[in-house]
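*Asks:* Got a sequence here, can you build the structure:
(chains A and B)
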Amino acid sequence: MVTEEKKKVINRLKSMYPLRAKVNDTYLKSIEAIKAGKPTAWAMLNFYYGDPILKAMDIEVVYPENYGAVAAAMGVAQQYLEQAYADGFPTHLCGYSLASLGYTSRMMREFKGEVPPEAPFGGMPKPLFLLSSSAICDARYKWFQALGRYMDVPVWPLESPSPGAKELFIEGAFETMVDTGVKHLGDFVVFVEGILGKKMDWNKLDETVDLMIEVNRVWYEVNELRKAKPCPMHSRDFWSAMPAALFLMGDIEDSLQLYQNMYQEVKDRVSNHIGAIPEEKYRLLFAELPPWHSLGFFDKLAERGWNFAVESFGYRPPIPLDLGGISDPLERITRFNLQFFAGYAEEARRQNLPSGSFAYPYIKYAREWKCDGAMLHPLISCRSASTHLPFVANMLVETLKVPSLTIEGDIVDLRLFNPEDALAKAEPFEETMEYYRKVRKQEGFDW
Amino acid sequence: MSDESKGLSKAQEIYLNRSQRAKELKAAGKKVIGYPCVYVPLEMLTALDLIPYRTYGDIREPVTETDRALPTSFCSIMRTCLDCALKGKDDFLDGMVTVHACDPQEKTARVWESYTNYPYFHFIDMLSTIRPESIEYFKSQLNDFRKTLEAFTGQKLSADKLKPAIKAHNQQRALVQQLYELTKPAPPLISGTELVQVVKALMSLPVAEGNDLLNQVISEVKSRTDGPKRKPARLLIWSSTLDDTDIMQVFEAKANVVMDETCGGIRAYRGSVKLTPDPLDGLADYYMKEITCARTFRQATLGETKKDYKKDIQSRFGYLKGIVRDWKINGAILLLVRYCDPFAFEMPSLRDYLDSIGTPSTYIEYDYTIGALAPLKTRVEAFIETIS
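*Replies:* Numbering: from 1, shown residues only, chains lettered A, B, ... in the order given. Take a look at the predicted model:
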């Protein structure tokens, strides 16, 4: 019974559950549809860039990045990793990539294209094509190229500009990115049409894009409400709810309703001063993907009064912008995608922080969400999601006097996260947060 | 720099004291611009009388300062490059140009710019494919680079200035290609170790001085009688970077390295930039297409809706077939610097390709430190024994 009570320390949002269920239901329905012969693609998380086109073309999408996490959580990833090592892939590659390379090797070579029997949630059936992405890291396009060893399946490498934070402001640079993106998406549509042998339904794409933008606007507003004290929504609810917006899972109109319900529930909590944990002593920012396999860890921290109010830039919706005056859906998609990557750039420039989205969002979040500390979770085999963390820690303490606690882990290899060790660091870090509270007060900060 | 030294001995002198000439030029009023990667179009610097200076790491220098900026499980070359910068070893530079050739460089560039204080810093973005819109985008990035260079120098970078610079760098490419022809005989007339010294010297000098050096080296090597001895194997080294003679000597202890397909070797010097009416077109095309770094996503046919693995690996690695044949290579070492994802993902497919053309290969990983060389030596010797 004691354990049962501990599990309820975090006051989860009721509106989160249907969003979480939708993620699982969508995945299972997709697998069924694929088995029934519906066209399918394996895709990288593409930050609203390729997904609306796939959605409008009625293609089922499987995300091997997600599946790597699922395989890890279900305890089958290790054999896929070992298969990838045996095939000659270096061990220090991204854990998600190794899991899917090993999985595909096994599916294509041992099971002649059939899903291996141990694969959880029906596995990932062989796709019609692969949609890689050059955004964020090299692995996310090189990995799909490497899958060519196992499957004669074409790849569309979705391009993603990443200009420097100040170079973005050179006259004409941003509009060139838009032009490049629109042209590239146009070619991608032709590619998909060629694969499927059918034409794009532009009206459907138009509606899909509008819904995508609106879903993310509401989801953004939900997170804005979390600036309230006490914070009404814990990061665990964020992680449970985010896939429907980030991956456009399932019916988007339904998602919109579910996020609106969440907005209402969070707003009610704010009005009634209801926090996500019983007694909020410390407000924290969490950076990078959480230890999916050890989320109970956050309950233990909640018992100590740690409330997680805000998370990584990489998984949050873009700052809303009005794209209503743009008729071309490909341009709306491109601008929305660029808003994700460059939406913080102007503010960063005004504050003379050349790092741009590399560090600035975390400074903004810590200041606006009034965080006492940051928990940074570098992932051993996901370097791109971790590279910025030492820099972020320095910037937070230098500019805002907000300290960071670094706890190493991994996205697939569960052995690399030690919750006991992490919890042992909680008490001394509370002393650090208390110390910096005094420093902030002395220096005129308002929290 | 000794005035008397010429050719190979001069290259060795420069290799051992790389920054000396750049500092002399700076003292004489020139501006020196650093760059960490061969994707930076040096022609644009040369055209404005700026001195391009390749910044390297140092396998002998323990990485200490970088830990405050980058994680330990990160490209060890970028870590040591940044470490040298943070320790002030590049403080004589007037500027730095970085490029999005790979994710570690893009991430490091942001830190680099934040933690250093060069008068000029520019980042060039690149897409990953060689699709028309990718090349057009790269051209627009070069145009933006032109604008910031003009603002920095107060000079216009006109086509009239750029064309002679392109010709000078094309001449350098042609001379380096001639130099590598001299590794075709058995034994080769020049060693891999000497090639590392020459290429590193070139990347420390203005292009005209580099071309003079190359002419001297080629002339000397053609007539020398004290060249490398014949060894039991003729090797191709395929890697991201191989820029230190101590690393090269691990391979050359028991083999002749006749081709180093790395960006410390011939990679930056293949082909030539076409002289197009707008010179940025020729530059964009060359840098996106001709440099054979694993960072580029190549396909047998752009936008292909069907895939054929044999054609795919031919499009990615086919250029090696002629090299293996013409240089009579009998073994390839695929040398991976740990945490280099673009090269790491290539390993199994490259081995498939080399198998298909009957070339034995081995994959070896190390972490770009002097301490990593002893275990590297053991593995290299084992491979050479199997192919000799």
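*Asks:* Could you use CA atoms for every contact and neighbour count after this?
*Replies:* Will do.
*Asks:* need the contact list for the most centrally placed residue in chain A.
*Replies:* Nearest to the geometric centre of chain A sits A:Y315, at 3.3 Å (Cα atoms, centre = their mean). By Cα atoms under 8 Å, 6 or more residues apart in numbering or on different chains, the residues touching A:Y315 are A:242, A:246.
*Asks:* And the strands in the chain?
*Replies:* You didn't say which chain, so I picked chain A. In chain A, the segments counted as strands under DSSP state E are A:40-43, A:60-62, A:129-133, A:155-158, A:282-287, A:306-310, A:373-376, A:404-406.
*Asks:* Oops, wrong one, chain B.
*Replies:* For chain B, the strands defined by DSSP E cover B:31-35, B:50-54, B:95-99, B:120-124, B:234-239, B:256-261, B:331-337, B:361-366.
*Asks:* centre of the chain versus the first one, how much separation?
*Replies:* Okay, so that is strand B:31-35. When distances are taken as Cα atoms, centre = their mean, to the nearest Å, strand B:31-35 is centred 16 Å away from the chain's centroid.
*Asks:* can you list contacts of it?
*Replies:* Residues contacting strand B:31-35 (Cα under 8 Å, 6+ apart): B:22, B:25-26, B:45, B:49-55, B:92-98.
*Asks:* and that strand, average pLDDT?
*Replies:* Mean pLDDT, computed over strand B:31-35, is 98.
*Asks:* re the thing from before, tabulate the strands of chain B (TSV), appending mean neighbour count and distance to B:V250.
*Replies:* Output for these, formatted as TSV (neighbours: other Cα atoms under 10 Å in any protein chain shown; distance: least, Cα to Cα, whole Å):
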stretch	mean neighbour count	distance to B:V250
strand B:31-35	22	27
strand B:50-54	25	24
strand B:95-99	24	30
strand B:120-124	22	35
strand B:234-239	24	12
strand B:256-261	26	10
strand B:331-337	23	12
strand B:361-366	18	12
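*Asks:* What's the per-residue pLDDT of the closest residue to A:L158 other than its chain neighbours here?
*Replies:* Closest residue to A:L158 apart from its sequence neighbours, by Cα to Cα, 6 or more residues apart in numbering or on different chains: A:S133 at 4.6 Å. With respect to pLDDT, A:S133 has a value of 94.
*Asks:* Low-confidence regions, chain A specifically.
*Replies:* A:1-7, A:354-357, A:414 (pLDDT under 70).
*Asks:* can you do 80?
*Replies:* Within chain A, the ranges that satisfy pLDDT under 80 run A:1-8, A:73, A:292-294, A:353-358, A:380-381, A:410-417.
*Asks:* number of nearby residues for the residue lying closest to A:A84 once chain neighbours are set aside?
*Replies:* In this structure, A:A84 finds its nearest non-sequential neighbour in A:G102, 4.4 Å apart by Cα to Cα, 6+ apart. A count of nearby residues for A:G102, using other Cα atoms under 10 Å in any protein chain shown, gives 25.
*Asks:* and A:G102, what does it touch?
*Replies:* A:79-85.
*Asks:* and the closest residue to B:Y137 other than its chain neighbours, how many residues sit next to it?
*Replies:* Once flanking residues are discounted, B:Y137 sits nearest to A:T180: 6.5 Å by Cα to Cα, 6+ apart. The tally of other residues near A:T180 (other Cα under 10 Å) stands at 21.
*Asks:* Please apply the same query to A:R440.
*Replies:* 17.
*Asks:* count of neighbours near the residue lying closest to it once chain neighbours are set aside?
*Replies:* Ranked by Cα to Cα, 6+ apart and with sequence neighbours excluded, the top spatial neighbour of A:R440 is A:K401, at 6.1 Å. Neighbour count of A:K401, defined by other Cα under 10 Å: 23.
*Asks:* quick one: A:K401 from chain B, how far?
*Replies:* The gap separating A:K401 from chain B is 17 Å, by Cα to the nearest Cα, to the nearest Å.
*Asks:* tell me the phi and psi of that residue?
*Replies:* phi 60, psi 40 (degrees, to the nearest 10).
*Asks:* Quick check: it touching A:K438?
*Replies:* No. The pair A:K401 / A:K438 is not scored as a contact, 9.6 Å apart, by Cα atoms under 8 Å.
*Asks:* In ChimeraX, select just the buried ones from the contacts of A:G102.
*Replies:* Remark: buried members of these, expressed as a ChimeraX selection using 16 or more other Cα atoms under 10 Å in any protein chain shown:
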select /A:80,81,82,83,84,85
